[in-house]
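1. sequence plus the predicted model coming up.
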Amino acid sequence: DQQVKQNSPSLSVQEGRISILNCDYTNSMFDYFLWYKKYPAEGPTFLISISSIKDKNEDGRFTVFLNKSAKHLSLHIVPSQPGDSAVYFCAATPTGTASKLTFGTGTRLQVTL
Amino acid sequence: DSGVTQTPKHLITATGQRVTLRCSPRSGDLSVYWYQQSLDQGLQFLIQYYNGEERAKGNILERFSAQQFPDLHSELNLSSLELGDSALYFCASSPLAGGTIGELFFGEGSRLTVL
(Lines give C-alpha, C1' and ligand atoms only; values in the text may rest on other atoms or scores of the structure.)
Protein backbone atom coordinates (compact mmCIF):
# COMPACT_ATOMS: atom_id res chain seq x y z
CA ASP A 1 0.00 0.00 0.00
CA GLN A 2 1.73 3.13 -1.28
CA GLN A 3 0.76 5.89 1.13
CA VAL A 4 2.82 8.51 -0.71
CA LYS A 5 2.54 8.49 -4.47
CA GLN A 6 4.50 10.25 -7.15
CA ASN A 7 2.69 9.26 -10.30
CA SER A 8 5.13 10.81 -12.77
CA PRO A 9 8.34 8.76 -12.93
CA SER A 10 10.01 11.40 -15.06
CA LEU A 11 9.69 15.00 -16.20
CA SER A 12 11.63 17.00 -18.78
CA VAL A 13 11.68 20.79 -18.65
CA GLN A 14 13.58 23.44 -20.55
CA GLU A 15 16.09 25.58 -18.71
CA GLY A 16 14.47 28.76 -17.41
CA ARG A 17 10.95 27.32 -17.37
CA ILE A 18 8.96 26.16 -14.36
CA SER A 19 9.22 22.56 -13.11
CA ILE A 20 6.21 21.22 -11.23
CA LEU A 21 6.57 17.94 -9.39
CA ASN A 22 3.48 16.40 -7.84
CA CYS A 23 2.85 14.15 -4.87
CA ASP A 24 -0.32 12.61 -3.42
CA TYR A 25 -0.81 10.96 -0.07
CA THR A 26 -3.52 8.81 1.43
CA ASN A 27 -2.76 8.75 5.15
CA SER A 28 -4.78 11.44 6.97
CA MET A 29 -2.34 11.26 9.87
CA PHE A 30 0.43 12.80 7.79
CA ASP A 31 0.89 16.43 8.74
CA TYR A 32 4.47 17.21 7.84
CA PHE A 33 5.88 16.93 4.36
CA LEU A 34 9.35 17.13 2.91
CA TRP A 35 11.06 17.06 -0.47
CA TYR A 36 14.45 15.45 -0.94
CA LYS A 37 16.69 15.65 -3.98
CA LYS A 38 19.00 12.84 -5.04
CA TYR A 39 21.87 12.91 -7.51
CA PRO A 40 23.32 9.64 -8.88
CA ALA A 41 25.68 7.84 -6.50
CA GLU A 42 24.74 10.18 -3.67
CA GLY A 43 22.30 9.96 -0.80
CA PRO A 44 19.11 12.05 -0.77
CA THR A 45 19.51 15.60 0.52
CA PHE A 46 16.79 17.65 2.17
CA LEU A 47 15.35 20.40 0.01
CA ILE A 48 12.27 21.97 1.59
CA SER A 49 9.47 21.08 3.97
CA ILE A 50 5.98 22.21 4.92
CA SER A 51 3.76 21.72 7.92
CA SER A 52 0.04 21.11 7.51
CA ILE A 53 -0.71 24.42 9.23
CA LYS A 54 0.58 26.15 6.10
CA ASP A 55 -0.40 25.88 2.47
CA LYS A 56 2.79 27.30 1.00
CA ASN A 57 6.46 27.47 1.86
CA GLU A 58 9.08 29.20 -0.23
CA ASP A 59 12.87 28.95 -0.28
CA GLY A 60 14.55 30.78 -3.12
CA ARG A 61 13.64 29.12 -6.41
CA PHE A 62 11.77 26.32 -4.63
CA THR A 63 8.17 26.56 -3.43
CA VAL A 64 6.07 23.77 -1.97
CA PHE A 65 2.27 23.99 -2.04
CA LEU A 66 0.02 21.85 0.14
CA ASN A 67 -3.65 21.16 -0.54
CA LYS A 68 -4.85 19.26 2.52
CA SER A 69 -8.37 18.66 1.28
CA ALA A 70 -7.03 17.02 -1.86
CA LYS A 71 -4.13 15.34 0.00
CA HIS A 72 -1.84 16.75 -2.63
CA LEU A 73 1.40 18.65 -2.60
CA SER A 74 3.57 20.02 -5.33
CA LEU A 75 7.09 21.36 -5.67
CA HIS A 76 7.65 24.28 -8.03
CA ILE A 77 11.13 25.16 -9.25
CA VAL A 78 11.40 28.53 -10.95
CA PRO A 79 13.47 29.08 -13.00
CA SER A 80 14.70 25.55 -13.62
CA GLN A 81 18.44 25.11 -14.05
CA PRO A 82 20.48 22.19 -15.47
CA GLY A 83 21.88 21.56 -11.98
CA ASP A 84 18.34 20.78 -10.83
CA SER A 85 18.41 17.57 -12.86
CA ALA A 86 18.00 14.86 -10.23
CA VAL A 87 15.47 12.50 -8.69
CA TYR A 88 13.05 14.23 -6.34
CA PHE A 89 11.40 12.32 -3.51
CA CYS A 90 8.35 13.45 -1.65
CA ALA A 91 8.16 12.29 1.99
CA ALA A 92 5.57 12.55 4.72
CA THR A 93 5.22 11.85 8.41
CA PRO A 94 2.81 12.30 11.28
CA THR A 95 4.41 14.88 13.58
CA GLY A 96 4.31 12.49 16.49
CA THR A 97 6.61 10.03 14.77
CA ALA A 98 9.09 12.67 13.76
CA SER A 99 11.56 11.48 11.25
CA LYS A 100 10.02 8.09 10.47
CA LEU A 101 9.44 9.27 6.95
CA THR A 102 7.31 7.58 4.29
CA PHE A 103 8.78 8.25 0.87
CA GLY A 104 7.29 8.27 -2.60
CA THR A 105 8.97 6.46 -5.47
CA GLY A 106 10.55 9.61 -6.88
CA THR A 107 10.33 11.72 -10.03
CA ARG A 108 13.36 12.07 -12.27
CA LEU A 109 13.65 15.68 -13.43
CA GLN A 110 15.70 16.45 -16.52
CA VAL A 111 16.34 20.13 -17.23
CA THR A 112 17.41 20.59 -20.83
CA LEU A 113 19.33 23.47 -22.38
CA ASP B 1 29.29 15.47 1.62
CA SER B 2 26.61 14.82 4.25
CA GLY B 3 29.09 13.65 6.87
CA VAL B 4 27.44 10.23 7.08
CA THR B 5 29.75 7.39 6.07
CA GLN B 6 28.54 4.01 4.90
CA THR B 7 30.63 0.93 4.15
CA PRO B 8 30.85 -1.04 1.99
CA LYS B 9 29.60 0.93 -1.02
CA HIS B 10 29.00 -2.23 -3.03
CA LEU B 11 28.55 -5.82 -1.93
CA ILE B 12 27.82 -8.93 -3.97
CA THR B 13 26.93 -12.14 -2.19
CA ALA B 14 24.97 -15.35 -2.59
CA THR B 15 21.57 -16.42 -1.32
CA GLY B 16 21.62 -17.78 2.19
CA GLN B 17 24.62 -15.70 3.22
CA ARG B 18 24.87 -13.03 5.92
CA VAL B 19 26.25 -9.51 5.53
CA THR B 20 26.86 -6.53 7.78
CA LEU B 21 26.48 -2.94 6.64
CA ARG B 22 28.14 -0.23 8.65
CA CYS B 23 27.23 3.41 9.20
CA SER B 24 29.02 6.25 10.95
CA PRO B 25 26.69 9.19 11.62
CA ARG B 26 27.58 12.87 11.45
CA SER B 27 29.64 14.04 14.36
CA GLY B 28 27.31 14.81 17.23
CA ASP B 29 24.22 13.18 15.75
CA LEU B 30 22.58 10.76 18.16
CA SER B 31 19.92 9.26 15.90
CA VAL B 32 20.63 6.74 13.15
CA TYR B 33 18.05 5.52 10.66
CA TRP B 34 18.19 2.69 8.14
CA TYR B 35 16.23 2.77 4.89
CA GLN B 36 15.95 0.24 2.07
CA GLN B 37 15.40 1.25 -1.55
CA SER B 38 14.53 -1.61 -3.88
CA LEU B 39 14.31 -1.16 -7.65
CA ASP B 40 11.72 1.46 -8.62
CA GLN B 41 10.58 1.78 -5.03
CA GLY B 42 10.68 4.63 -2.59
CA LEU B 43 12.86 4.48 0.45
CA GLN B 44 11.34 2.11 3.01
CA PHE B 45 12.00 2.88 6.66
CA LEU B 46 13.55 -0.06 8.48
CA ILE B 47 14.61 1.04 11.95
CA GLN B 48 15.80 3.99 14.05
CA TYR B 49 18.23 4.09 16.96
CA TYR B 50 18.76 6.95 19.34
CA ASN B 51 21.86 7.02 21.53
CA GLY B 52 22.18 3.26 21.50
CA GLU B 53 18.54 2.35 21.97
CA GLU B 54 15.97 1.26 19.43
CA ARG B 55 13.49 4.10 18.99
CA ALA B 56 11.23 3.16 16.07
CA LYS B 57 10.72 0.17 13.85
CA GLY B 58 9.35 -0.02 10.33
CA ASN B 59 8.81 -3.00 8.06
CA ILE B 60 12.06 -4.66 8.99
CA LEU B 61 12.22 -8.40 8.35
CA GLU B 62 13.01 -10.78 11.20
CA ARG B 63 16.10 -11.87 9.24
CA PHE B 64 17.41 -8.31 9.61
CA SER B 65 18.74 -6.79 12.79
CA ALA B 66 20.55 -3.63 13.74
CA GLN B 67 22.36 -2.07 16.63
CA GLN B 68 23.97 1.20 17.59
CA PHE B 69 27.21 1.09 19.52
CA PRO B 70 28.49 3.40 22.31
CA ASP B 71 30.52 5.37 19.75
CA LEU B 72 27.18 5.90 17.91
CA HIS B 73 28.10 3.99 14.77
CA SER B 74 25.48 1.52 13.65
CA GLU B 75 25.44 -1.84 11.91
CA LEU B 76 22.66 -3.46 9.93
CA ASN B 77 22.89 -7.24 9.80
CA LEU B 78 21.11 -9.09 7.00
CA SER B 79 20.98 -12.88 7.23
CA SER B 80 19.63 -15.80 5.19
CA LEU B 81 19.75 -13.49 2.22
CA GLU B 82 17.25 -13.85 -0.59
CA LEU B 83 17.27 -12.47 -4.13
CA GLY B 84 14.63 -9.92 -3.11
CA ASP B 85 16.98 -8.40 -0.55
CA SER B 86 19.01 -6.88 -3.37
CA ALA B 87 18.63 -3.16 -2.83
CA LEU B 88 20.30 0.09 -1.90
CA TYR B 89 20.51 0.46 1.86
CA PHE B 90 20.76 3.99 3.17
CA CYS B 91 21.78 5.14 6.59
CA ALA B 92 20.78 8.59 7.79
CA SER B 93 21.44 10.55 10.94
CA SER B 94 19.93 13.48 12.73
CA PRO B 95 20.75 15.25 15.97
CA LEU B 96 17.19 15.15 17.30
CA ALA B 97 15.39 12.49 19.24
CA GLY B 98 12.29 10.86 17.81
CA GLY B 99 9.24 13.02 18.34
CA THR B 100 10.79 16.12 16.79
CA ILE B 101 10.57 16.92 13.10
CA GLY B 102 14.02 17.18 11.62
CA GLU B 103 16.05 16.98 8.55
CA LEU B 104 17.81 13.67 7.88
CA PHE B 105 21.35 13.52 6.56
CA PHE B 106 21.83 10.51 4.31
CA GLY B 107 24.92 8.55 3.48
CA GLU B 108 25.69 7.48 -0.09
CA GLY B 109 24.20 4.06 0.47
CA SER B 110 25.41 0.47 0.31
CA ARG B 111 24.34 -1.41 -2.80
CA LEU B 112 23.70 -5.06 -2.01
CA THR B 113 23.39 -7.59 -4.82
CA VAL B 114 22.29 -11.11 -3.92
CA LEU B 115 22.95 -13.71 -6.63
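-> Thanks, I have the structure now.
2. which residue does chain B have closest to chain A?
-> Residue of chain B nearest chain A, by C-beta to the nearest C-beta: residue B:106 (3.1 Å). Every residue, glycine included, has its C-beta placed from N, CA and C.
3. can you tell me who residue B:49 pairs with across the strands?
-> When bridges are called by DSSP bridges, residue B:49 pairs up with residue B:32, residue B:54.
4. which residues does residue B:66 bridge with?
-> residue B:76.
5. once you drop chain neighbours, what's closest to the residue positioned nearest the centre of chain B?
-> Geometric centre of chain B, nearest residue: residue B:34, 2.9 Å, by C-alpha atoms, centre = their mean. In space, and not counting its chain neighbours, residue B:34 is closest to residue B:46: 4.2 Å by C-beta to C-beta, 6 or more residues apart in numbering or on different chains.
6. that neighbour: neighbour count?
-> Residue B:46 has 21 neighbouring residues, counting by other C-beta atoms under 10 Å in any protein chain shown.
7. one step back: where does the nearest residue to the residue of chain B closest to chain A once chain neighbours are set aside land in three-state SS?
-> Nearest-residue entry for residue B:106: residue A:43, 3.1 Å, with adjacent residues in sequence omitted and distances by C-beta to C-beta, 6+ apart. Following DSSP: H, G, I helix; E, B strand; the rest coil, we place residue A:43 in the coil state.
8. doesn't residue B:109 make contact with residue A:43?
-> Yes. With contact defined as C-beta atoms under 8 Å, residue A:43 reaches residue B:109; the gap is 5.9 Å.
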